[in-house]
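**Q** Build the 3D model from these lines:
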Amino acid sequence: MLPSSFQAARALVTTRVLEAPDLADTLEVLHRDPVANAFVATRVEAVGLDPWRLGGEMWGWYDEHGELDALCYAGANLVLVNAGPQAVQAFAERARRQGRRCSSIVGPADSTAALWALLERSWGPAREVRGHQPLMAATEPSAEIAPDPLVRRVRRGEVETLMPACVAMFTEEVGVSPLAGDGGLLYQARVAELVAAGRSFARFTEDGEVLFKAEIGAVTEGACQIQGVWVDPAHRGRGLSETGMAAVLDIALREVAPVVSLYVNDYNLRARAAYRRVGFREVGAFMSVLF
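**A** Below is the predicted model of the structure:
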């Protein structure tokens, strides 16, 4: 328990950059909702709060009692955690003073919408706003869809074979190529990192072409998050996304975390229906602002 005088002094500053001594309190906030906070939690659990290792600052918001109650990860993405109206206001003021350094804002739909309303005048216009992205989760293997037995972990020597599918997925999903700027060096490094960690999955043809692929991008003790789901356009409509996701879900539940989540664009009705058939259920909603 912090001394009352220290709590009172801290309460005068509603937001500040968190540091190593704040790690336990930060994790407590993150663990309040393991599914929604998986992206930020996996980074903090892995490297702590050092900005250089974290890839950005972690801002903390303190309530009237001087207790840490909300977070904002400010890196390549700006991500809110457990932020109510007062915290959103405080984070918005800090973000305006700093200026935009991120490529997107993403997080729970209500708080992210409130944050964007405060930042749009100074940070806008956005390239795209995705106001409602259902957050889905599963805690059991699929009861309806049999896992594709040909979906497996991608091997280290297969990164170059996998890359075109990853680039196609990213470009289709985000609207820009990950090869822009540095020629894709950072993106390829991230793909290779996930492969090396055993968190990249694919189904290959006998000729080495990728038919289906997905990654587990975030992993904590309480939950993991699937990302980058993609099926070769020439093979869509054959159920490969369903059987492939059933396979990834089965492996993730057995070997990674007790809850598996993902979020999807609300207009992607086909994907949402496929994920429901696999066994995912909507548990919340995210919002993304892309620059």
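**Q** Quick check: buried residues in stretch 168-182?
**A** Buried residues in stretch 168-182, counted by 16 or more other CB atoms under 10 Å: 168-170, 178. Backbone N, C-alpha and C define where each C-beta goes, glycine included.
**Q** Ok, stretch 191-199 next?
**A** Buried, per 16+ other CB under 10 Å, within stretch 191-199: 191-192, 194-195, 199.
**Q** just to revisit the earlier point, which ones among the buried residues of stretch 168-182 map onto helices?
**A** 168-170 (DSSP state H).
**Q** And the next helix or strand past the worst-scoring helix or strand of the chain on mean pLDDT?
**A** None of the helices or strands of the chain scores lower by mean pLDDT, DSSP states H and E than helix 4-11, at a mean of 41. Note on helix 4-11: by DSSP states H and E, the next helix or strand toward the C-terminus is strand 15-17.
**Q** For that next one, which strands pair with it and how are they oriented?
**A** Strand 15-17 sits in its sheet next to strand 57-62 (antiparallel), going by DSSP bridges.
**Q** what about the partner strand, distance to the chain center?
**A** Taking CA atoms, centre = their mean, to the nearest Å, the mean C-alpha location of strand 57-62 is offset from the chain mean by 18 Å.
**Q** returning to what we had before: possible to save the buried residues of stretch 191-199 as CSV with distance to residue 233?
**A** Listed next are the buried residues of stretch 191-199 as CSV, based on distance: CB to CB, whole Å:
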residue, distance to residue 233
191, 20
192, 25
194, 23
195, 23
199, 24
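**Q** I'd like those residues laid out as CSV, including secondary structure, pLDDT and distance to residue 128.
**A** Compiled in CSV, the buried residues of stretch 191-199 are given as follows (DSSP: H, G, I helix; E, B strand; the rest coil; pLDDT from 0 to 100; distance: CB to CB, whole Å):
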residue, secondary structure, pLDDT, distance to residue 128
191, helix, 96, 23
192, helix, 96, 28
194, helix, 97, 25
195, helix, 97, 29
199, coil, 97, 27
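**Q** Just the closest of these to residue 103, please.
**A** Set against residue 103, the nearest of the buried residues of stretch 191-199 by CB to CB is residue 191 (17.6 Å).
**Q** Tell me which residues touch the closest one, please.
**A** Residues in contact with residue 191 (CB atoms under 8 Å, 6 or more residues apart in numbering) are 159, 162-163, 166, 200.
**Q** For the stretch 51-200 of the chain, just list every one of the helices.
**A** Here the stretch 51-200 of the chain has its helices, by DSSP state H, counting those that start in this stretch, at 51-54, 85-98, 109-123, 159-174, 185-196.
**Q** Could you check the pLDDT of residue 14?
**A** The confidence metric pLDDT takes the value 89 at residue 14.
**Q** what does residue 175 give?
**A** 86.
**Q** Name the nearest residue to it, ignoring sequence neighbours.
**A** residue 128 (6.5 Å; CB to CB, 6 or more residues apart in numbering).
**Q** Kind regards, and thank you for your time.
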